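*Asks:* Sharing a model prediction with you, sequence too.
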Amino acid sequence: MLADPDGFPPSDDPFEFPPRGDPLEFPPRSSRGPSTLLADLTKPQLDAVTTTEGPVLVLAGAGSGKTRVITRRAAHLAATVTQPWHVLAITFTNKAAEEMAQRIDGLGVGAGMTVCTYHSLCVRILRRHHAAAGLDPRFTIMDQSDRRKLVKEAMDRCELSTANFSPASIDAAISLAKNMMQNAEAFAEQADRFDNKAAARVYAAYEQLLAEQNALDFDDLLMRTAILLDGNAEVRAQLSDRYRYVLIDEYQDTNVAQYRIARLLTESHRNLFVTGDPDQSIYGWRGADIGNILSFEKDYPDAKVVRLEQNYRSTKRILSAADALVSANVLRKEKSLWTENDAGDPVRVVACEDNRDEAETVAREIAERIAAGRSPSDFAVFYRINALSRSFEEAMMNAGVPYRIARGLAFYDRKEIKDVLAYLRVMVNPRDMVSLERIINTPTRGIGDTTIEKLKAHAAHNGRTLFDAVRDRGGVRLPKRSAEAVDAFAELMEGLSRHADSRPRTALETTLSLSGLNASLLQQADGTNEPLENVNELLNAAAEYQRDHPEATLLDWLSHTSLLGDSDVVDGPAGAVMLMTLHAAKGLEFPSVYIVGVEKGLLPFERMGEHPVDVEEERRLFFVGITRTMRELTLTLTRRRMRQGAFLPAMRSPFLDELPGDELEWTDRGSGGARRPYAPVGETPDDFDCWGVGSLVRHPDFGVGQIVGLRRGARQSTVEVEFPDRGVRSYVVEFSDLERVDFDEVD
């Protein structure tokens, strides 16, 4: 049996091998046999699969069969050179890990292979080696909403007002620091601006709150594991011996901490196999470092490099548009996508009057195609920001088109689900104050905010936890009814805590019954009690997990639910058009795609008053959207778009001018359908002939920088500028605010 997609091997000890329950002799190899595993692979795919020793980099273009390669390689390793439990395959989402595990299992590989996400692997490592990591093994994993509460509380401790400092911005700064392997002290040392110094104070207070509550956030899972591997040779040696062959998918999305984990796990044997595509690196804003994949050959000079360039998904015209677009980037590995598929239709570019016209045009076209026999699930609408979805929702409803929005982890974010899980989290970790505060008066039992604040103050004064103060409230003067309610809650939690080691479904059923949550939900029943239905679905989830993992504990299941992410719930029901952001679209494919709002300021997206846009990453994001398309691609834009209650002029995205004109079919709805651009192309500076690598230019926000790369085009040109304090930035010259300066003008 394969490990499940969260990385839990059949044994209850994830690092025991051979896995308990296996015969002492080696289990049978793949039932298909090595030759069968390789029979239908192309030459590049075969090279990637059969180069079993040493570092291997697979540059896998969009739609080039990357998943087939990594699954066949895992099976081939287990069938020829090692045992399954020595193979570790890592990817980034539970959905991708589950698909990979199912494919490998279908190839007949023996028990014990670990197929998981980075975060789930780290959870198991930290729980198993908690003493070496300096952790309590029952630590809670804070989700995003609970993490944000702790950041706000940390701001209160630092006496910082949320009116002056954004909790979201501080949270993002802390997250980025952890991804860069910076602890609170290191972050404070490099803080140079007023806002960074404030964030550094909050970071330190936030870390103290996490420690008090025996909690880790998602970023801690990675950073703490990297620190453990780096500082403990014994643990590193044990894990390196267990995982003698490490395969990592989507390597372009790794951050500094993930890079360190991969490097340390494979330090002794160097059997590191990575697949990825620099052209699909779109998560720099949350810490992903494209340099990890671009520098792989520098890190491993003897690495085997394989390029997968044949695309099996898209038409020739779609690939031509995508290849021309991404070729404007400088930070990439050279490769050219090609396909044996037919040429297909031209890429349509539709200019609409405004955002309402745009949404109605898209909805009407999809409705007409559905009426002609197409399935709604053939279609997807991509946009750069979620705010654009509203007009498309209304248009789809008015046109009678079934749709679904992929907006993240809706089920586990629902109040009734978070309430139930908070009880379970306190059962296994009584120090989890965020969860305890959530349930102390849920359902209502007469414990108000004043009582809670008194209990918190009493706990803080005596150096105790809130749970301790609830169990022993001596010295806390409360009204009789409040005191009785607190005592009753303490008795309830004492009883529930005895079920902390129960199986997931048993613990859940007991909690629902004893806590009063089930009775409260039943009282709300009106024939369509969605909260009660959701809780029943949670019971189903617990039962299913328990069935698939017979040895799993409540703590295991809570870890599983904590690690589910937005990418794991993107798939919509059959018969629905999917509406989603370009980021959410990564890894998916659809016969017909509409990318809407292809306008300057939206794509590339520009945030007013914040750091400058990374044009290359925005271009890669557009590339990802284009390459999700199998047969029909439509790009839409508007003459004017409503913003903050008023219509403002809109200008087409400069990316449109990077697409090959002979692959496009323009339609301007404001000009009788004529094929013509609807907005002026930007102007080239008068002295552009004098620009070159080494020239100095001035940006209105970032001062003087030096050109380090320049690409002249027939319709527009791209320039790379290095600024002393901002690094290298990409600009389309015709749409930039750059001005050339002479050397003698600079002090």
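*Replies:* Structure received. Numbers count the residues shown, from 1 in each chain.
*Asks:* hey, where'd the strands end up in the stretch 501-650 of the chain?
*Replies:* 577-581, 590-595, 629-638, 640-643, 646-649 (DSSP state E, counting those that start in this stretch).
*Asks:* would you turn the ones you listed into TSV with mean pLDDT and distance to Ala399?
*Replies:* No exception for glycine: its C-beta is placed from N, CA and C like everyone else's. Shown next, in TSV, are those (pLDDT from 0 to 100; distance: least, C-beta to C-beta, whole Å):
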stretch	mean pLDDT	distance to Ala399
strand 577-581	93	10
strand 590-595	97	13
strand 629-638	96	15
strand 640-643	79	20
strand 646-649	76	23
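*Asks:* Now distance to Arg364 too, for those, in TSV please.
*Replies:* Listed next are these as TSV, based on distance: least, C-beta to C-beta, whole Å:
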stretch	distance to Arg364
strand 577-581	13
strand 590-595	12
strand 629-638	12
strand 640-643	19
strand 646-649	22
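*Asks:* among these, which is nearest Glu491?
*Replies:* Proximity to Glu491 (C-beta to C-beta) singles out strand 577-581 among those, at 47.0 Å.
*Asks:* sorry, back to before: nearest to Arg669, out of the strands of the stretch 501-650 of the chain?
*Replies:* When those are compared by C-beta to C-beta, strand 629-638 sits nearest Arg669, at 9.6 Å.
*Asks:* Report the angle between the closest one and strand 590-595.
*Replies:* 20 degrees (axes from the mean of the first three to the mean of the last three C-alpha atoms, to 10 degrees).
*Asks:* by contact count, what packs against strand 629-638?
*Replies:* helix 316-326, strand 347-352, helix 355-371, strand 590-595 (3 or more C-beta pairs under 8 Å, 6 or more residues apart in numbering; DSSP states H and E).
*Asks:* Identify each buried residue in the first one, please.
*Replies:* This means helix 316-326. 316-323, 325-326 (16 or more other C-beta atoms under 10 Å).
*Asks:* Could you single out the nearest of the residues you listed to Glu658?
*Replies:* Leu325 (5.2 Å).
*Asks:* for the closest one, what are its contacts?
*Replies:* Contact analysis of Leu325 by C-beta atoms under 8 Å, 6 or more residues apart in numbering lists 619, 622-623, 626, 655, 658-659.
*Asks:* Tabulate the residues you listed (TSV), appending distance to Val577, neighbour count and pLDDT.
*Replies:* Formatted as TSV, these follow (distance: C-beta to C-beta, whole Å; neighbours: other C-beta atoms under 10 Å; pLDDT from 0 to 100):
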residue	distance to Val577	neighbour count	pLDDT
Arg619	26	27	95
Phe622	21	27	97
Phe623	23	24	96
Ile626	19	26	97
Phe655	24	24	94
Glu658	28	20	91
Leu659	25	22	93
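*Asks:* Give me the below-cutoff pLDDT ranges for the stretch 401-550 of the chain.
*Replies:* Per-residue confidence for the stretch 401-550 of the chain (pLDDT under 70) gives these ranges: 407-410, 525-529.
*Asks:* and if we set it to 50?
*Replies:* 409 (pLDDT under 50).
*Asks:* Would you state the helices of it in chain order?
*Replies:* With DSSP state H, counting those that start in this stretch as the criterion, the stretch 401-550 of the chain has helices at 410-413, 415-428, 433-439, 449-461, 466-471, 480-497, 504-515, 517-523, 530-548.
*Asks:* do the same with the stretch 251-400 of the chain
*Replies:* 256-265, 291-294, 296-299, 316-326, 355-371, 389-399.
*Asks:* Any idea which of those helices gets closest to Leu59?
*Replies:* For the helices of the stretch 251-400 of the chain, the distance to Leu59 is smallest for helix 291-294, at 8.2 Å, taking C-beta to C-beta.
*Asks:* Dump the helices and strands packed on strand 629-638 to TSV, plus distance to Asn183.
*Replies:* TSV is the format used below for the helices and strands packed on strand 629-638 (distance: least, C-beta to C-beta, whole Å):
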stretch	distance to Asn183
helix 316-326	36
strand 347-352	48
helix 355-371	45
strand 590-595	40
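*Asks:* With Leu696 as the reference, name the closest of those.
*Replies:* That would be helix 316-326 among these, by C-beta to C-beta, at 28.2 Å.
*Asks:* now the closest one against strand 347-352, angle please.
*Replies:* Using the same axes, to 10 degrees, helix 316-326 lies at 70 degrees relative to strand 347-352.
*Asks:* re the thing from before, any chance of the helices of the stretch 251-400 of the chain in JSON lines, with distance to Gln546 too?
*Replies:* Listed next are these as JSON lines, based on distance: least, C-beta to C-beta, whole Å:
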{"stretch": "helix 256-265", "distance to Gln546": "30"}
{"stretch": "helix 291-294", "distance to Gln546": "38"}
{"stretch": "helix 296-299", "distance to Gln546": "41"}
{"stretch": "helix 316-326", "distance to Gln546": "44"}
{"stretch": "helix 355-371", "distance to Gln546": "40"}
{"stretch": "helix 389-399", "distance to Gln546": "36"}
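*Asks:* Among these, which comes closest to Asp136?
*Replies:* Short answer: helix 256-265, nearest of these by C-beta to C-beta, at 21.3 Å.
*Asks:* contact partners of that closest one?
*Replies:* By C-beta under 8 Å, 6+ apart, helix 256-265 touches 88, 90, 118, 122, 178-181, 219, 222-223, 225-226, 229-230, 236, 239-240, 243, 246, 248, 254, 272, 274, 287, 289, 292, 299.
*Asks:* quick revisit: format the strands of the stretch 501-650 of the chain as JSON lines; extra columns: distance to Trp338 and mean neighbour count.
*Replies:* Formatted as JSON lines, the strands of the stretch 501-650 of the chain follow (distance: least, C-beta to C-beta, whole Å; neighbours: other C-beta atoms under 10 Å):
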{"stretch": "strand 577-581", "distance to Trp338": "28", "mean neighbour count": "24"}
{"stretch": "strand 590-595", "distance to Trp338": "20", "mean neighbour count": "22"}
{"stretch": "strand 629-638", "distance to Trp338": "16", "mean neighbour count": "24"}
{"stretch": "strand 640-643", "distance to Trp338": "37", "mean neighbour count": "15"}
{"stretch": "strand 646-649", "distance to Trp338": "39", "mean neighbour count": "10"}
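*Asks:* Ok, which of those strands comes nearest Asn196?
*Replies:* Using C-beta to C-beta, those put strand 577-581 closest to Asn196, at 28.4 Å.
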